[in-house]
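> Give me a model of this one.
(one chain, ligands or ions: 2)
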Amino acid sequence: MKNFAKSTILKFDDAFEIVMDSARRLGTERVEIDRALNRVLAEDVISDIDIPPFNKSAMDGFACRRADLANELTIIETIPAGSLPEKTIGPNQCAKIMTGAVVPEGADCVIMVEYTESMGDNKIRFTSKDTEDNIRLKGEDIKKGDVVLRAGCKISAQHIAVLASLGCTKPLVALQPRVGIIATGGELVEPDQKPAACQIRNSNGLQLAAQVASAAAIATNYGIAADTQVAIDGMLKKAIAENDVVILSGGVSMGDYDLVRGILRKNNVRLLFEKVAVKPGRPTVFGVSNEGGRNPVFCFGLPGNPVSTFIVFELLVKPFLFKMMGHNFKPNVTHRQLERTITRKKTERDSWLPVVFAGNDKVASIEYHGSAHINALSEADGLLCIPAGVAEIKEGTTVAVRQI
Ligand code: AMP
Ligand code: MG
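Ligands and ions are numbered 1, 2, ... in the order given. Okay, the predicted model is just below:
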């Protein structure tokens, strides 16, 4: 890991590297397949069978020999899905067959029922010129012994189908990080309260809990700590004792009541950085607690403005949580042309802006008043990064949009 003076403002990539290098694995558990969605596989899954397990008809029709396609064919049996054929197809013979049924010995193609004509007397005729084989060969999708899914795969619905088809009904998955969330701020009231004239509702607590859930981790919301030593210290101690990761929002800037960094230090949380060259999100803090020889607990102090909290979580915390589960998180990125030129004056930081997909496959910036403007984010399709050092991105430039 690189060493930086604590007061240095880190490039985002350096901060990212420090965070990702710190991630540790938490162990594994088996879960029922119907609870496995979004969990991360902890072992390779190997097939115990060929798939398809037999030569399978892809169509409703007649199984026959390609050499006999010009001739009248006699139907010798009917094969539904789920039954074994009883006869072998000989010259000028066919078996009526259903989609998913076992193709009988002797047949090398299945002609679609739509391209046949009944000649009476249990005979049919092929009415088209040529046909596909319409046979899915045994083992053509998956061979017995193949690694079908790899450790680190985040299980989605299609992976559930593969696991089910292999009989893997209790996959081994990574334990989920437990994440404690603390909202700091003397101005905060819980969302079910009516704020007084000087107050605002705590939106970060629930926002972060939702983001943690979207990263397949387990959130515990500790509620609000007022900007006092006693309130933050008490809640932090409890959260460190009960979680693998603690996220604090607010209180990391330079104001008189921004106490979080000092309180983290007092609790023996070793701060690995305290500032990042990203907008929003400069005062982001990251540290590790090794209290009492237990597993380390990782602490993120995120700036309190809701857009900052959201974006820093997406950029830093989400990939970290997935890495703790052994999954290499990659955001969804699409490339689009910029509809209108974007300019800015200060260029020291990477700057993330909310954008929407416009017509003509383009992308456009939206009205955005800064990091408190959470409803701009709720209307956005994605985030666009203006990298440090860049003052302008011209209309028509193809840009990468990180979908949110
Ligand atoms: P801070 O990072 O504590 O200086 O807070 C920056 C801004 O974010 C202030 O305007 C706060 O009122 C606001 N803020 C802090 N915490 C929250 C929260 N939990 N929910 C919504 N807004 C917050
Ligand atoms: Mg505050």
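> contacts, neighbours, all on C-alpha from now
Will do.
> so D21 sits in a helix?
Yes - the assignment for D21, made by DSSP: H, G, I helix; E, B strand; the rest coil, places it in a helix.
> how many neighbours does it have?
By the measure other Cα atoms under 10 Å, the count of residues near D21 is 13.
> what do you get for D256?
Under the neighbour criterion other Cα under 10 Å, D256 is assigned a count of 8.
> Enumerate every residue touching the residue of the stretch 51-200 of the chain at minimum distance from ligand 1.
Taking Cα to the nearest ligand atom as the measure, the point where the stretch 51-200 of the chain comes nearest ligand 1 is A183, at 4.7 Å. In this structure, A183 makes contact with N202, N204, G205, Y222, G223, I224, A225, L248, S249, G250, judged by Cα atoms under 8 Å, 6 or more residues apart in numbering.
> Give me the nearest residue to the last one, chain neighbours excluded.
Read it as G250. Sequence neighbours aside, G304 is the residue nearest to G250 in space, at 3.6 Å (criterion: Cα to Cα, 6 or more residues apart in numbering).
> what about the one you found, which helix or strand?
Here G304 sits in a region with no helix or strand, counting by DSSP states H and E.
> now the helices for this protein?
Under the criterion DSSP state H, the chain carries helices at the ranges 12-22, 157-165, 204-214, 229-242, 260-266, 306-312, 318-324, 374-379.
> what does the last one rub up against?
Contacts of helix 374-379 from elsewhere in the structure, counted by Cα under 8 Å, 6+ apart, are P306, V307, P354, V356, I366, E367, Y368.
> same deal with the first one?
With Cα under 8 Å, 6+ apart as the test, helix 12-22 has contacts from 1-2, 272-273, 276-278, 286, 316, 319-320, 323, 350.
> now, which of these lie within strands?
For those, membership in strands holds for L272, F273, V278, F286, D350, with DSSP state E as the criterion.
> and ligand 1, which of the contacts of A183 reach it?
With the criterion set as Cα under 6 Å from any ligand atom, the members of the contacts of A183 near ligand 1 are N202, N204, G205, S249, G250.
> Take these and write them to a markdown table, including pLDDT.
Formatted as a markdown table, the ones next to ligand 1 among the contacts of A183 follow (pLDDT from 0 to 100):
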| residue | pLDDT |
| --- | --- |
| N202 | 98 |
| N204 | 98 |
| G205 | 98 |
| S249 | 98 |
| G250 | 98 |
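> Ligand 1 contacts on this structure?
Residues of the chain found near ligand 1 (Cα under 6 Å from any ligand atom) are 183-185, 201-205, 249-253, 303-306.
> swap the cut-off to 5 Å and go again
A183, N202, S203, N204, G250, G251, P303, G304, N305 (Cα under 5 Å from any ligand atom).
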